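**Student:** Build the 3D model from these lines:
(chains A and B)
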Amino acid sequence: MTLRWPALVPPRAAGAFAAAVAALAALPALLDLSAYTHNLVTLTFLMVAGALAWNWMGGFVGQVSFGHAAMFGVGGFVAARLLLAGAVPAPIAWLLGGAAAGVFALGAHPTLRLRGPYFSIATIGLGEATRLLFTYWEDFTGGSSGLSLPIDPDLKFRLYWWGLALVALVAAASFLIRRSALGLQLLAIKADVDAAADVGVSATFHQDLVFALSGAVVGVTGGLWASYFSFIEPNDMFGFDRSIGFVLMAVIGGVGTVLGPALGAVIFVLLRQYLLASYPQLYLGLYGTLLVLIILFEPLGLTGLLLRLWRRAARRPEPAPAAAGGGR
Amino acid sequence: MARFVDLAVSAVLLAGLYATMAYGLGLIYGVLRVVNLAHGGVIMAGAYLGWVLHERLGIDPYLSIPVVLASSFGLGVVTYRLLVRHLPRGPAGGPASLLLLFGVWLVLRNAAYLLFTGNDQAIRTAYSTRSIALLGSQVSVNRLAVLGIAVLTPVLLHLLLTRTYLGRAIRAVAQNADSCALVGVDVERIYTLTFGIGTALAGLAGLLSATLFSFNPGFGSGELLKSFVVVVLGGLGSVLGTGAAALILAVVEVFAILVLPSYLTAAVGFVMLVLVLVLRPGGLFGHRILG
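**Tutor:** So this is what the prediction gives:
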């Protein structure tokens, strides 16, 4: 009798994923989207990529970061500077921005080899300190008046597919991380740091690695963001509200699930676009109430809710644990 | 030299405020192992409550202390009974309680925006600008009063924790909740009261800050960070350690003005937090559980 290692990528899941990406790529041509919808979907892609990357740290390792805006801003401003200098084509600038953000995360992180609430509160400090530094570093960021990039409608139009490519990469990476040995190691760290260390899984190393990767992706997102808006300003890019946004998207969709944060990001953008445009004075309270309700009643967010409904529809009152694990 | 004395005096006065902010956070973490991320929100709420009582009803901020203590105690009890109680305990509940209390903070902030708009407010009394000479430097009467209350608070807290049944029960629950249940201590009731007391102290800190600084609904995030620095630096639970840690933070912050551009002084707390966590994760004075 031989043990079969489960396939890293089940063929059916890979097929469904490829079909979904292809459908989204063809969407503008098929449906003749208005410029407004086209741009809204682009923006959603950026949020989805950021939320999925935040989830690597907040969900897979279980370290809740309230400071991801720091990497978002670093990536955005490095990319914007490179674009302004005209030194490299846009995709290279975004990648270099992401690399800078990853290095920034790595540089900040060894000083914060912290866990649990210590980590979370330190990230609040990291975010605020970074915002202050960059706001006053006017030579680089333009201070409170920000940086304006040359407006390029063609590039903005094509950002749809760049954003989609980023989402596809990040979603595939989320899936692979969860299915690979790395994902199991992260789960072990999340469940019990000391026990993980006993079997040779270093919390410090893995946490650094994931924080840098997560920061790099969020940095790339920041670069695309800069190209999308053609104007960036430190208090917005590094703002606490932006850090909160990453947390909320992941929590709404399902912290620690593989693709839940993507769903959360879609809801987040729609809420912001349709509901909060009419009631801007209520957005903090609405997000706060959502956080409280989700944590109390459905810690896995919308993903947990959907799983529950699906089980009920399939009339399986006692779901097999394996099915629950595979569904996430 | 005169400048030095001025700075030293203002550091001592600031330290009292920082210590008052930190007790509530430290007490709740020490007993429930929950970091109250709503702490900053309660500080802000305490400031606004004092402001409303002063502005609308003409009550002196120092006379409104009992009202602020009672209302924030009530807010803490409700938050615990309604929300925090239902979360899993221990490491598994860590991220959940952080996110939940963060949500409470957002709701408090939004409530303040709706009720009072985002404008800066301050409590101005007849004696706000009065000052007396002390050690050759002019000291505001307000700051002295704040320091007095800040010295009185830990004394009362210490007496409560060491001399009363409730205090002994709180310390016992902090050490081992399971054994407490065995000998007939109502653990849930102790958790509720501890959360209430911790929140009441945050409200008091907010009221005291409001007599010194201007505030708006966003007020409190810097205060949360500073409270956390003090709690970590002072080690959990020792009242004296908290006071010493608050003094260290205040001295470093105040004297940083001499060497750093003013916009960077806000980052001092963060740098200290990182240094303390990396160099002395157990705090300067080691671990002692409450008392």
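**Student:** Next, the contact list for B:Ala122, please.
**Tutor:** B:51, B:210, B:213-215 (CB atoms under 8 Å, 6 or more residues apart in numbering or on different chains). The way it works is simple: take the backbone N, C-alpha and C, and place the C-beta from them, glycine included.
**Student:** ah, wrong one, I meant B:Phe215
**Tutor:** Listed by CB under 8 Å, 6+ apart, the contact set of B:Phe215 reads B:44, B:47-48, B:51, B:120-122, B:209.
**Student:** can you pull out the strands in the stretch 101-250 of chain B?
**Tutor:** Assigned by DSSP state E, counting those that start in this stretch, the strands in the stretch 101-250 of chain B fall at B:131-134, B:137-140.
**Student:** hmm, who's touching the last one?
**Tutor:** By CB under 8 Å, 6+ apart, the list of residues contacting strand B:137-140 from outside reads B:2, B:5-6, B:9, B:13, B:128-133.
**Student:** starting at the chain centroid, how far to it?
**Tutor:** Put simply, strand B:137-140 sits 25 Å off its chain's centre (CA atoms, centre = their mean, to the nearest Å).
**Student:** what's the farthest-apart pair in the contacts of strand B:137-140?
**Tutor:** Using CB to CB, the contacts of strand B:137-140 span at most 23.7 Å, a distance reached by B:Ala2 and B:Ser128.
**Student:** on that earlier part again, using JSON lines, please lay out the contacts of strand B:137-140 together with neighbour count, pLDDT and distance to B:Phe116.
**Tutor:** Output for these, formatted as JSON lines (neighbours: other CB atoms under 10 Å in any protein chain shown; pLDDT from 0 to 100; distance: CB to CB, whole Å):
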{"residue": "B:Ala2", "neighbour count": "9", "pLDDT": "70", "distance to B:Phe116": "39"}
{"residue": "B:Val5", "neighbour count": "13", "pLDDT": "80", "distance to B:Phe116": "38"}
{"residue": "B:Asp6", "neighbour count": "16", "pLDDT": "80", "distance to B:Phe116": "34"}
{"residue": "B:Val9", "neighbour count": "20", "pLDDT": "82", "distance to B:Phe116": "33"}
{"residue": "B:Leu13", "neighbour count": "21", "pLDDT": "84", "distance to B:Phe116": "27"}
{"residue": "B:Ser128", "neighbour count": "15", "pLDDT": "74", "distance to B:Phe116": "20"}
{"residue": "B:Thr129", "neighbour count": "10", "pLDDT": "75", "distance to B:Phe116": "24"}
{"residue": "B:Arg130", "neighbour count": "10", "pLDDT": "79", "distance to B:Phe116": "27"}
{"residue": "B:Ser131", "neighbour count": "15", "pLDDT": "79", "distance to B:Phe116": "29"}
{"residue": "B:Ile132", "neighbour count": "9", "pLDDT": "78", "distance to B:Phe116": "32"}
{"residue": "B:Ala133", "neighbour count": "8", "pLDDT": "77", "distance to B:Phe116": "36"}
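**Student:** now, which of these lie within helices?
**Tutor:** B:2, B:5-6, B:9, B:13 (DSSP state H).
**Student:** Flag the shaky bits of the stretch 101-250 of chain B, pLDDT-wise.
**Tutor:** Where the stretch 101-250 of chain B drops to pLDDT under 70, the residues are B:135-136, B:236-237.
**Student:** I'd like to know which residues of it are adjacent to chain A.
**Tutor:** Residues of the stretch 101-250 of chain B lying near chain A by CB under 8 Å from any CB of the partner chain: B:102-111, B:113-114, B:221-222, B:224-225, B:228, B:232.
**Student:** try it again with 6 Å
**Tutor:** Proximity of the stretch 101-250 of chain B to chain A (CB under 6 Å from any CB of the partner chain) is limited to residues B:103, B:106-107, B:109-110, B:225, B:228.
**Student:** can you pull out the helices in the stretch 51-200 of chain B?
**Tutor:** B:65-82, B:94-116, B:141-163, B:165-175, B:177-182, B:187-212 (DSSP state H, counting those that start in this stretch).
**Student:** Measure how buried B:Ala210 is and give me the count.
**Tutor:** Residues within reach of B:Ala210, counting by other CB atoms under 10 Å in any protein chain shown, total 25.
**Student:** Might one say that it is in contact with B:Gly50?
**Tutor:** Yes. Proximity of B:Ala210 to B:Gly50 meets the contact threshold set by CB atoms under 6 Å, at 5.0 Å.
**Student:** Of the helices of the stretch 51-200 of chain B, which stretch is the most buried?
**Tutor:** Mean neighbour count (mean count of other CB atoms under 10 Å in any protein chain shown) peaks for helix B:187-212 among the helices of the stretch 51-200 of chain B, with a mean of 25.
**Student:** Who are the packing partners of it?
**Tutor:** On a contact count with 3 or more CB pairs under 6 Å, 6 or more residues apart in numbering or on different chains; DSSP states H and E, helix B:187-212 meets helix B:2-32, helix B:39-57, helix B:65-82, helix B:165-175, helix B:177-182.
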